[in-house]
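**Q** Show me how the following folds:
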Amino acid sequence: MTGRTLMSSPSLDAALADIDTVFNGFASPTETGCERCFLPEETAYLRTPYTRVPADLVGRFVYKVPGHFEDHAAVMRRLLPQAAHAMAEGTLDGIGWGHHGWSRVDWRAWPAEQAAAVEAFVYAWWQDVLTASEPPYPVADVFETCAMILGTMTPLLDRWGSGPVADAHLASCAATWLYDLDSDAAPFGWWDHDDAAPVVAELQSWLTAHAPARLRARNEPDLAIRAELLALPYDERWAHPYWTRPSATN
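**A** Have a look, this model is predicted:
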């Protein structure tokens with residue numbers, strides 16, 4: 001990850017403040033944890049409210065599969081304030097590398113105030129990253145994490161406005177995603193491959209509709225053409241003369 005001077009947006013600050021208020025004092029009172037993965041004194045943090053969990057331990061808890069805990073949902077609520085702040089600051093290891101714990105709980109079924117706070121944070125974090133010239137994580141990793149938590153890409157794509165910084169991030173994401181999308185494969189390792197076709201189609205359609213002009217404006221003609229080619233059926237796409245032109249083989 002890359003560091004940057006943290007100047008978060010008012011909306012992200014407000015979302016974090018709401019998370020702090022809504023999830024203040026939560027704990028998993030009967031939590032035993034996985035004795036092979038965690039020491040007794042580490043698991044004790046999960047049973048104890050109003051106590052800061054060591055930063056490295058937050059990440060270890062967040063990325064463990066639910067079976068490692070007696071009450072995984074309670075553990076996630078216990079960790080939410082610290083995890084959200086760490087994500088916004090760029091200090092939570094694992095972003096873009098594994099299944100985030102919030103994606104493994106049905107947080108939308110939590111009380112309305114809690115669910116709204118989680119959703120508002122994810123949207124505010126995504127918007128903040130899109131406006132940061134040097135965000136603490138690669139934008140593709142943040143997109144994947146947000147989509148994983150939300151269970152959908154649609155609201156993230158809908159919120160991807162244009163502008164010099166947002167378009168620079170679009171170019172970096174397109175360069176990452178197109179290697180898979182060219183072959184009708186999902187660029188996200190966390191998505192169930194049996195259900196990947198709608199995800200692939202949505203991202204291809206969005207890139208074809210929104211990316212080419214913005215990529216050309218950034219002097220990325222090859223990425224722009226490849227985004228346009230996503231609109232073609234697979235065989236026609238790969239039979240296109242673009243692939244045999246010198247610019248495509250550089």
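**Q** ok, now which ones touch H72?
**A** P66, G101, R104, V105 (CB atoms under 8 Å, 6 or more residues apart in numbering). Heads up, the C-betas are built off the backbone N, CA and C, glycines and all.
**Q** can I get those residues in CSV with neighbour count?
**A** Formatted as CSV, these follow (neighbours: other CB atoms under 10 Å):
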residue, neighbour count
P66, 14
G101, 24
R104, 18
V105, 18
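**Q** What about the residue lying closest to F23 once chain neighbours are set aside, how many residues nearby?
**A** Counting by CB to CB, 6 or more residues apart in numbering, L80 is the residue found nearest to F23 once chain neighbours are left out, at 4.4 Å. Neighbour count for L80, taken as other CB atoms under 10 Å: 24.
**Q** pretty sure L80 is touching N24, no?
**A** No - taking CB atoms under 8 Å as the definition, L80 is not a contact partner of N24, at 9.9 Å.
**Q** looking at this protein, which helix or strand does the model trust least?
**A** Every helix and strand in the chain was compared by mean pLDDT, DSSP states H and E; the lowest is helix 246-249, with a mean of 58.
**Q** Longest helix in this protein, please.
**A** Using DSSP state H, we find that the single longest helix of the chain is helix 196-217.
**Q** packing partners for it?
**A** Packing partners of helix 196-217 (3 or more CB pairs under 8 Å, 6 or more residues apart in numbering; DSSP states H and E): helix 154-158, helix 164-181, helix 221-229.
**Q** Dump the ones you listed into JSON lines; add distance to G189, mean neighbour count and mean pLDDT as well.
**A** Below are the helices and strands packed on helix 196-217 laid out as JSON lines (distance: least, CB to CB, whole Å; neighbours: other CB atoms under 10 Å; pLDDT from 0 to 100):
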{"stretch": "helix 154-158", "distance to G189": "17", "mean neighbour count": "14", "mean pLDDT": "98"}
{"stretch": "helix 164-181", "distance to G189": "10", "mean neighbour count": "18", "mean pLDDT": "97"}
{"stretch": "helix 221-229", "distance to G189": "21", "mean neighbour count": "20", "mean pLDDT": "98"}
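**Q** Save these as a markdown table, and put in distance to G59 too.
**A** Shown next, in a markdown table, are those (distance: least, CB to CB, whole Å):
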| stretch | distance to G59 |
| --- | --- |
| helix 154-158 | 23 |
| helix 164-181 | 23 |
| helix 221-229 | 33 |
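**Q** between those helices, which one is nearest to S9?
**A** helix 164-181 (12.5 Å; CB to CB).
**Q** what's the angle from that closest one to helix 221-229?
**A** Going by axes from the mean of the first three to the mean of the last three CA atoms, to 10 degrees, helix 164-181 is angled at 60 degrees with respect to helix 221-229.
**Q** Residue ranges of each domain in this protein, please.
**A** With domains defined by automatic domain parsing, the chain comprises 1-136, 160-250.
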